[in-house]
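Trainee: give the three-dimensional model of this entry:
(2 chains)
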Amino acid sequence: MFAAATVALLATLGLLLVRAVLGPTVFDRLLAANTTGTMAMLLLATMGFLAGRPEFLDLAIVYGLLNIVGTIAVLKFFSAGDLGDPGDEAAR
Amino acid sequence: MSAAIDLASWALLAGGGLCCLTGAVGMLRMPDFYTRLHAASLSDTPGAGLILAGLLLQAGWSLVAVKLAAIGLLLFLTSPAATHAIAKAALRRGLKPLLAGGEATSKH
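Mentor: Have a look, this model is predicted:
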């Protein structure tokens, strides 16, 4: 039963990869990348159970934490043009 | 009893996989960025939740269950925040939603 869920998650990842490559705007690609991160977390958890090694869950937690930070950072870059406001730093 | 738990876990895993696949197909076929965002939330929320619940039933009362609950809490907090941030960034960059007439007529 873990194998079925793993196959479904792998197929999902393939479809998301197609969207990330096709995506007309950068936001489509980012959305696909973010969902890919979530699916990769689930894939790690399921594969841990499939292999009988639930220690994989630690990797899934780390992956999820990195995923949210990466998504927000890239979004900030693409919506504001840079990752911070240098003017603010100079005024402080 | 154990067979009943196995059955419930199998149903949850299958439902979660189905939700993930449906969301991904929606992300491929929807016509517009904002509708794709809507489709992506399907694979983020019910897909992840159902698969984690299915794994939780298999784990029983152990540290593994606590880690699975931690992953669920993390997803519960970060996934809506990320979706909101993506939509807000796209709006700020002036990406127009596709309306019923087929033309993009948002006044943002």
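
Trainee: can we go C-alpha only for contacts and neighbour counts from here?
Mentor: Noted.

Trainee: which stretches of chain B have low pLDDT?
Mentor: For chain B, applying pLDDT under 70 flags the ranges B:1, B:101-108.

Trainee: chain A: helices as residue ranges?
Mentor: Taking DSSP state H, the helices of chain A run over residues A:2-22, A:26-50, A:56-80, A:86-91.

Trainee: over to chain B?
Mentor: With DSSP H applied, chain B shows helices at B:2-29, B:33-42, B:48-59, B:63-92, listed in chain order.

Trainee: if you count neighbours, what's buried in the shortest one?
Mentor: Neighbour-count burial for helix B:33-42, with 16 or more other CA atoms under 10 Å in any protein chain shown as criterion, is recorded at B:33-34, B:36-37, B:39-42.

Trainee: then the last one?
Mentor: Neighbour-count burial for helix B:63-92, with 16+ other CA under 10 Å as criterion, is recorded at B:64-65, B:67-68, B:71-72, B:75, B:78-79, B:82-83, B:85-87, B:89-90.

Trainee: what about the closest residue to A:L44 other than its chain neighbours, how many neighbours?
Mentor: Leaving aside its chain neighbours, A:L44 sits nearest to A:A60 (5.8 Å; criterion: CA to CA, 6 or more residues apart in numbering or on different chains). The tally of other residues near A:A60 (other CA atoms under 10 Å in any protein chain shown) stands at 24.

Trainee: pipe the helices of chain B into JSON lines and attach distance to A:G23 per row.
Mentor: Listed next are these as JSON lines, based on distance: least, CA to CA, whole Å:
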{"stretch": "helix B:2-29", "distance to A:G23": "9"}
{"stretch": "helix B:33-42", "distance to A:G23": "9"}
{"stretch": "helix B:48-59", "distance to A:G23": "23"}
{"stretch": "helix B:63-92", "distance to A:G23": "14"}
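
Trainee: make a markdown table out of those helices and add distance to chain A.
Mentor: Below are those laid out as a markdown table (distance: least, CA to the nearest CA, whole Å):
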| stretch | distance to chain A |
| --- | --- |
| helix B:2-29 | 5 |
| helix B:33-42 | 6 |
| helix B:48-59 | 7 |
| helix B:63-92 | 5 |
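
Trainee: among those helices, which comes closest to A:D28?
Mentor: Smallest distance to A:D28 across these (CA to CA): 6.3 Å, for helix B:33-42.

Trainee: let me know the angle separating that closest one from helix B:48-59.
Mentor: With axes from the mean of the first three to the mean of the last three CA atoms, to 10 degrees as the basis, helix B:33-42 and helix B:48-59 are set at 10 degrees to each other.
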